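Visitor: Show me how the following folds:
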Amino acid sequence: MILVLRALGVGDLATAVPALRALRAGHPDRELVLAAPDWLTPLVDLVGGVDRVFPVAGLDPPPWSGPTPEIAVNLHGRGPRSHELLRATDPGRLLAFRCPPAGHADGPEWDDAEHEVRRWCRLLDWYGLRADPNDLSLGRPVPDRVPVGVTVLHPGTKIPAKRWSPARFAAVARHLNRHGHRVVVTGSATELSVAEQVTRRAGLPATAVLAGRTGLADLAALVAHARLVVSGDTGVAHLATGYGTPSVVLFGPVPPTRWGPPPDRPRHRALWAGPGEGPEWDGVGVHPTMAALPVDRVLAAVDEAERVVRDGGAVAA
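Guide: Residues are numbered from 1 along each chain as shown. Have a look, this model is predicted:
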């Protein structure tokens, strides 16, 4: 049995897809267990290859009650805490980044500037498991309970520094609606007020608000069958990459070189103002790199992404 730790969110799971597939391909006859939040199970099913989820909440999981893993794999972090949690299961072998404080001298060195997808591929490459960083596609769910062909705006994020202005999202929504897009606004239940504000300012009907009304499976189906996604650097953006749905993703303060879509897929546009734009940040509110992104630049990126689709380019996810 192989135990993999990735106790994070939607985007984190999506960026680990190539590594999970490499583990599956390298050990086709072993049970593959993913230690991850239980609410991610619908997305884990769309990744494929994982036999079951061991529910955990961050790095405070219940004691491991399964069989001793032949291999434990840390796709969660650099250690030492994540390493120690896996070592506590007494695995036959631990695949992880080098971390002497956790008693793990094996593995490659951690690189803070590395793209999240390539980080985990490089880890497995070190241990002789070839991982393809372009293997990001997800299983496409049937859109039983969601509209198809809509343009998804996702203004929310858990991190205040990464939040683009609701007024600017509303300006984008208003423009797209006038140009024939059927716009819906998504988010979690805690982001409902932001979604309602964007919808109201854009002059959209109340039915355009889907925030708090879509579980993870429905959100995946919505993105998979959408016309376009516009969002910050959050889980919905990674779903768009996994489905090849045209997207415009606003980055800040972390650049797209760390979390962005593959640069060779022009239907996915990553916008980044750069660290030199805007005033010094005082650590409060929206980061200057986000505030420096104007509405017209986002709309230009939308036009570019849609032009690629019309021209038949970059179809594969």
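
Visitor: quick one: residue 30 from residue 76, how far?
Guide: 20 Å (CB to CB, to the nearest Å). Yep, even glycine has a C-beta here, placed from its N, CA and C like the rest.

Visitor: do residue 172 as well
Guide: 35 Å.

Visitor: Kindly report the same for residue 47.
Guide: If you measure residue 47 against residue 76 using CB to CB, the figure is 16 Å.

Visitor: ditto for residue 237
Guide: Here the criterion is CB to CB. By it, residue 237 lies 21 Å from residue 76.

Visitor: neighbour-wise, which of residue 30 and residue 76 wins?
Guide: residue 76 (25 against 15; other CB atoms under 10 Å).

Visitor: my guess is the more buried one contacts residue 7, does it?
Guide: Yes: Residue 76 is within contact range of residue 7, at 5.9 Å (criterion: CB atoms under 8 Å).

Visitor: To what extent is residue 1 buried, counted in neighbours?
Guide: Counted with other CB under 10 Å, residue 1 comes out at 18.

Visitor: what helix or strand does residue 237 sit in?
Guide: With secondary structure defined by DSSP states H and E, residue 237 is part of helix 235-243.

Visitor: again, but for residue 123
Guide: Going by DSSP H and E, residue 123 is in helix 116-126.

Visitor: between that helix and helix 235-243, how many degrees?
Guide: 60 degrees (axes from the mean of the first three to the mean of the last three CA atoms, to 10 degrees).

Visitor: Export only the CA atoms of helix 116-126, formatted as CSV.
Guide: The C-alpha trace of helix 116-126 is given here as CSV (Å, rounded to 0.1, in the frame of the first residue of the first chain):
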residue,chain,number,x,y,z
GLU,A,116,4.2,23.8,-7.8
VAL,A,117,3.5,21.2,-10.5
ARG,A,118,7.1,20.7,-11.4
ARG,A,119,8.1,20.5,-7.7
TRP,A,120,6.3,17.3,-7.2
CYS,A,121,7.3,15.9,-10.5
ARG,A,122,10.9,16.5,-9.7
LEU,A,123,10.5,14.8,-6.4
LEU,A,124,9.2,11.6,-8.0
ASP,A,125,11.8,11.8,-10.8
TRP,A,126,14.5,11.8,-8.1
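
Visitor: by contact count, what packs against that helix?
Guide: Other helices and strands packing on helix 116-126, by 3 or more CB pairs under 8 Å, 6 or more residues apart in numbering; DSSP states H and E, are helix 10-15, helix 17-26.

Visitor: Show me what the shortest one is packed up against.
Guide: Helix 10-15 makes packing contacts with helix 41-47, helix 116-126, helix 235-243 when contacts are defined by 3+ CB pairs under 8 Å, 6+ apart.

Visitor: How about stretch 55-63, which residues are buried there?
Guide: For stretch 55-63, a neighbour-count test (16 or more other CB atoms under 10 Å) marks 55-56, 61 as buried.

Visitor: which one of these sits closest to residue 180?
Guide: residue 55 (43.2 Å; CB to CB).

Visitor: what is the closest one paired to in the beta sheet?
Guide: residue 36 (DSSP bridges).

Visitor: didn't it look like it was pressed against residue 37?
Guide: Yes: with contact defined as CB under 8 Å, residue 55 counts as touching residue 37 (6.8 Å).

Visitor: pLDDT on the helix of greatest length in the chain, on average?
Guide: Assignment by DSSP state H gives helix 295-310 as the longest helix of the chain. If you average the pLDDT over helix 295-310, you get 96.

Visitor: Show me where the stretch 201-317 of the chain dips below the pLDDT cut-off.
Guide: The stretch 201-317 of the chain contains residues with pLDDT under 70 at 276-284, 313-317.

Visitor: rerun that using 50 as the cut-off
Guide: 315-317 (pLDDT under 50).

Visitor: Reduced to three states, what does residue 248 come out as?
Guide: Of the three states, residue 248 takes strand under DSSP: H, G, I helix; E, B strand; the rest coil.

Visitor: How about it: which residues does it bridge to?
Guide: Applying DSSP bridges to residue 248, the residues it is bridged with are residue 230, residue 269.

Visitor: and it, how many residues sit next to it?
Guide: Other residues close to residue 248 by other CB under 10 Å number 27.

Visitor: now the one 5 residues further on
Guide: Burial measure for residue 253: 17 neighbouring residues, criterion other CB under 10 Å.

Visitor: Please tell me how far it sits from residue 96.
Guide: 27 Å.

Visitor: same question, residue 265
Guide: From residue 265 to residue 96 the distance is 30 Å (CB to CB).

Visitor: if you count what's nearby, which of these two comes out ahead?
Guide: Taking other CB under 10 Å, residue 265 and residue 96 do not tie; residue 96 has more neighbours (28 against 22).

Visitor: Let me see the contact set for residue 62.
Guide: Residue 62 is in contact with residue 56, counting by CB atoms under 8 Å, 6 or more residues apart in numbering.
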